[in-house]
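Below is the sequence, then the predicted model.
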2 protein chains.
Amino acid sequence: MHDPYLIISSDCHAGLPTEEYRPYLDARFHRAFDEFLGQRDARRAEATRLGIRNDAFAERWFRDHEEGLRGGWDPAQRIKELDGDGVAAEVVFPDADAVDSGTAAPFGVGLGLSGDHDPELGMAGARAHNRWLADFVSAHPERHCGVALLPVTAETGQVVAEIHRARESGLGALMIPAMWGGNAPYHDRRYDPVWAAAAECAMPVLTHSGSSPRQEYGDHLGIFVSEVTWWPARPLWFLLWSGVFERHPGLRFGVAESGCWWLPNLLWFMDRLYLGAHGGKKLSPFAALKRPPHEYLDRQVFVCATNTKRRELAQRYEIGVDNILWGSDFPHPEGTWPDTRGWLKKTFHDIPVAETRRMLGLSAAETFGFDTAALAPLARRIGPTPAGLGQPADQPGVEASWARSREVGRHWLTDHDFPVLGAQLEQEGRTAR
Amino acid sequence: MHDPYLIISSDCHAGLPTEEYRPYLDARFHRAFDEFLGQRDARRAEATRLGIRNDAFAERWFRDHEEGLRGGWDPAQRIKELDGDGVAAEVVFPDADAVDSGTAAPFGVGLGLSGDHDPELGMAGARAHNRWLADFVSAHPERHCGVALLPVTAETGQVVAEIHRARESGLGALMIPAMWGGNAPYHDRRYDPVWAAAAECAMPVLTHSGSSPRQEYGDHLGIFVSEVTWWPARPLWFLLWSGVFERHPGLRFGVAESGCWWLPNLLWFMDRLYLGAHGGKKLSPFAALKRPPHEYLDRQVFVCATNTKRRELAQRYEIGVDNILWGSDFPHPEGTWPDTRGWLKKTFHDIPVAETRRMLGLSAAETFGFDTAALAPLARRIGPTPAGLGQPADQPGVEASWARSREVGRHWLTDHDFPVLGAQLEQEGRTAR
């Protein structure tokens, strides 16, 4: 109860103020870069129109967090903020500034990375960010896993070369566009060399929420938010059903900052489809798979679920406890920084300590290859303890309160009928009756 | 317990063998129609390639159900099949033959209705089907609500005229394409006259599963099935966030044959977004709405959930019991026909009788305007009884077993923390302990 947590945020962001990317960008792209910089105001106006950006909020946010926000690109400040939050290590996505896009990667290939980007500009912008990011994480390599931007729809040879270059430079994961645009969808065999290289380099491939067909939304923010988590999840079933996980058992794929509330239904739906088809038919339409979807999921897929909701944690035995990776989203305002400790207490107080350790850090360590031994002394110094999160000393009691939920698990696989919603934890239920 | 159910299937299908639509089609489209007929084999080969169609299954299906399947277009045979299933009335979508597409509406504007259809051909095909359907339902108008095909992306004046024509001809609902293709999305004000006309005619507007961006799927059936229910649901949040339900309080909108398992998460997500934004902000980005999303949903939205799954029924207090409309999907092989009685017993045996009555018929009667008094004698003759579905005589006990689940309801609105998954019904839980 007094052994501090090793906390690894699976979803953080860093990026240079955009104009400072210039030295990292090949000189022949400087003119295009100046044009891109010139369009900044137009992009900010567009975000304001859609309601993603709010003037009053932006002003307050930058005033109240001026010093901490420099941690978006200043390594020393960043360490200070991570320590303050009790976060020992982190996975570093692009675009530190989610309010004004002041740190957008060149040509918008950060969170806005799209399959429709001009292949040459897209690759140039990605390389610029990747070069800077390699420098950025080198100060404390044990604490950061840098996510390289990978415009995967560009020419395959170039894409594969960038994977190896990124790995050699010290980066640890790869972000691909959630949307392939007018290019070949991710079931296409043309991407096989990419998946193979990612597996060979032990670099997890990720999508991150951000891109979506905004041109369809008019100025209706609600539409955007209602489906912005669907687009990054979509590649998951394209990869799965086309046998990518079967052909590349070393590949790991993750979906970041899109929650995990959608995963139980998807898994239930896909498993039933696969298992049902195998029931009575000689020839399966799912020949690309050798096992049911949940087995690939547990073996190769994870979710960087960011600030996990209580409703999601309640579904963790369907999702798979080990598949949920918590994240602070530092330094984005929708994240838990700078009050991660308070937030964790409110959210995890009745979750078993052993499961909390997995979701807050150990699963991320395995997925992204963090050195837990190297991080242990730091975690002991800065990490909150179970007692600090309000988790009861009576852990057998806490475990018991979830026993029924754990036993039912994925009910479609455990021969349970279905889970009744609305019950409370056992100990509470007993009191109520 | 011995008062039979009034059963209304909110999702059935009827359509002429395609070539027989000729007399219902304006003569100037006959040449285009012949071309369309000529492409039938190619379409069937494509369905077989994608795995939607299976030769061996098709042969067996048509051999075993030859007589009943004629109910797809023969009114007398249809009545016989409905009676056999205990179904008093039905909502009639297009495309009776889901195996070989032998009854596809002209130019594929049935379940394949798309915003990208040629506006002229699309409207011609829709009118042909609508004319035939009006004839078809006229034999027993109290038992059928015919769904008119509405290529809503065509010229607005024509679309509005077709709504009125369809209503006058005896049809009762409108199916719009799930996907608008390259046309204006459904938040666009250009559709306001359409929504107004639908409300004025008291014709619910529906999408039905079927269309999806198949060109992106390669030959991977699993991808298709994993997202085929998302596309028809998508217009729901376009209509909702753009204020269509606020501006047209008389409009009713439904999503057919896409399940309802996705609705609780969507509602939770949308409500939190709206209510959170209203918490601290003076100017809401959701000015088009005057109330939280769930209020529009309960007032104007429903799901034709077809053969409801046990997992979905467990979530009915989040979805809203009155929003779930059961359907048999007759005469599609993925439906419950010809063993609807057996299927209902297996699925509803522990659901309270009062709620079962709503989901199996009364909600559909209100939504689509069926005359329950006129149907009552028929229902008494053919409907299964609660006892026949295995529902216990001790209904207070059954109600009590769901009391906690009902009380928590939509937990984000009832100040409950979250529902624990995996608990069993109270009486079972008591035994287990």
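Perfect, thanks for sending it. Here the structure is a predicted model, which is why all the values come from computation and not from measurement.

so where do the helices sit in the stretch 201-350 of chain A?
Secondary structure of the stretch 201-350 of chain A (DSSP state H, counting those that start in this stretch): helices at A:221-227, A:230-241, A:244-247, A:263-280, A:293-300, A:310-313, A:316-319, A:340-348.

Tell me which other helices or strands the last one touches.
Right, helix A:340-348. helix A:310-313 (3 or more C-beta pairs under 8 Å, 6 or more residues apart in numbering or on different chains; DSSP states H and E). Backbone N, C-alpha and C define where each C-beta goes, glycine included.

go on, the third one?
Where contact means 3+ C-beta pairs under 8 Å, 6+ apart, helix A:244-247 is packed against helix A:192-200, helix A:293-300.

Same list, those helices, but as TSV with mean pLDDT please.
Formatted as TSV, those follow (pLDDT from 0 to 100):
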stretch	mean pLDDT
helix A:192-200	98
helix A:293-300	98
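
Out of those helices, which gets nearest to chain B?
helix A:293-300 (8.1 Å; C-beta to the nearest C-beta).

Same list, the helices and strands packed on helix A:244-247, but as CSV with mean neighbour count and distance to chain B please.
Formatted as CSV, these follow (neighbours: other C-beta atoms under 10 Å in any protein chain shown; distance: least, C-beta to the nearest C-beta, whole Å):
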stretch, mean neighbour count, distance to chain B
helix A:192-200, 19, 13
helix A:293-300, 19, 8
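
possible to save those as a markdown table with distance to A:R78?
Formatted as a markdown table, the helices and strands packed on helix A:244-247 follow (distance: least, C-beta to C-beta, whole Å):
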| stretch | distance to A:R78 |
| --- | --- |
| helix A:192-200 | 26 |
| helix A:293-300 | 30 |
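
ok, back up a step: would you single out the least confident of the helices of the stretch 201-350 of chain A?
Looking over those, mean pLDDT reaches its minimum on helix A:263-280, with a mean of 85.

Out of the helices and strands packed on helix A:244-247, the one nearest A:A128 is which?
Closest to A:A128 of these is helix A:192-200 (C-beta to C-beta; 20.4 Å).

What lies in contact with the closest one?
A:150, A:152, A:156, A:159-160, A:163-164, A:174, A:204-205, A:244, A:247-252 (C-beta atoms under 8 Å, 6 or more residues apart in numbering or on different chains).

Same list as before, the helices of the stretch 201-350 of chain A that is, but in JSON lines and with distance to B:F33 included.
Supplementary listing: those in JSON lines, determined by distance: least, C-beta to C-beta, whole Å:
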{"stretch": "helix A:221-227", "distance to B:F33": "37"}
{"stretch": "helix A:230-241", "distance to B:F33": "36"}
{"stretch": "helix A:244-247", "distance to B:F33": "42"}
{"stretch": "helix A:263-280", "distance to B:F33": "36"}
{"stretch": "helix A:293-300", "distance to B:F33": "42"}
{"stretch": "helix A:310-313", "distance to B:F33": "52"}
{"stretch": "helix A:316-319", "distance to B:F33": "49"}
{"stretch": "helix A:340-348", "distance to B:F33": "61"}
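
if we can go back for a sec, so among the contacts of helix A:192-200, which ones count as buried?
Buried residues within the contacts of helix A:192-200, counting neighbours by 16 or more other C-beta atoms under 10 Å in any protein chain shown: A:150, A:152, A:159-160, A:163, A:174, A:204-205, A:244, A:248, A:251-252.

Quickly name whichever of those is closest to B:T372.
The closest of the buried ones among the contacts of helix A:192-200, once distances to B:T372 are taken by C-beta to C-beta, is A:V244, at 52.3 Å.

Wait, the closest one touches A:H187, no?
Yes - A:V244 is within contact range of A:H187, at 7.5 Å (criterion: C-beta atoms under 8 Å).

distance of A:F253 from A:L82?
26 Å (C-beta to C-beta, to the nearest Å).

OK, contacts around the residue in the stretch 51-200 of chain A that chain B sits nearest to?
Nearest residue of the stretch 51-200 of chain A to chain B: A:G51, at 3.3 Å (C-beta to the nearest C-beta). By C-beta under 8 Å, 6+ apart, the residues touching A:G51 are A:219, A:221, B:285.

Please, which helix or strand holds A:L174?
According to DSSP states H and E, A:L174 maps onto strand A:173-175.

Now do that strand, average pLDDT.
98.

what's the offset of it from the middle of its chain?
Counting by C-alpha atoms, centre = their mean, to the nearest Å, strand A:173-175 is centred 10 Å from the centre of its parent chain.

residues making contact with that strand?
In contact with strand A:173-175 (C-beta under 8 Å, 6+ apart) are residues A:91, A:93-94, A:113, A:145-150, A:163, A:166, A:198, A:203-208, A:368.

hmm, 6 Å instead?
Defining contact as C-beta atoms under 6 Å, 6 or more residues apart in numbering or on different chains, one finds that strand A:173-175 is touched by A:145, A:147-150, A:198, A:203-206, A:208.

could these be laid out in JSON lines, adding distance to A:L263?
Listed next are the contacts of strand A:173-175 as JSON lines, based on distance: C-beta to C-beta, whole Å:
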{"residue": "A:C145", "distance to A:L263": "22"}
{"residue": "A:V147", "distance to A:L263": "21"}
{"residue": "A:A148", "distance to A:L263": "25"}
{"residue": "A:L149", "distance to A:L263": "25"}
{"residue": "A:L150", "distance to A:L263": "24"}
{"residue": "A:A198", "distance to A:L263": "22"}
{"residue": "A:M203", "distance to A:L263": "23"}
{"residue": "A:P204", "distance to A:L263": "17"}
{"residue": "A:V205", "distance to A:L263": "17"}
{"residue": "A:L206", "distance to A:L263": "15"}
{"residue": "A:H208", "distance to A:L263": "16"}
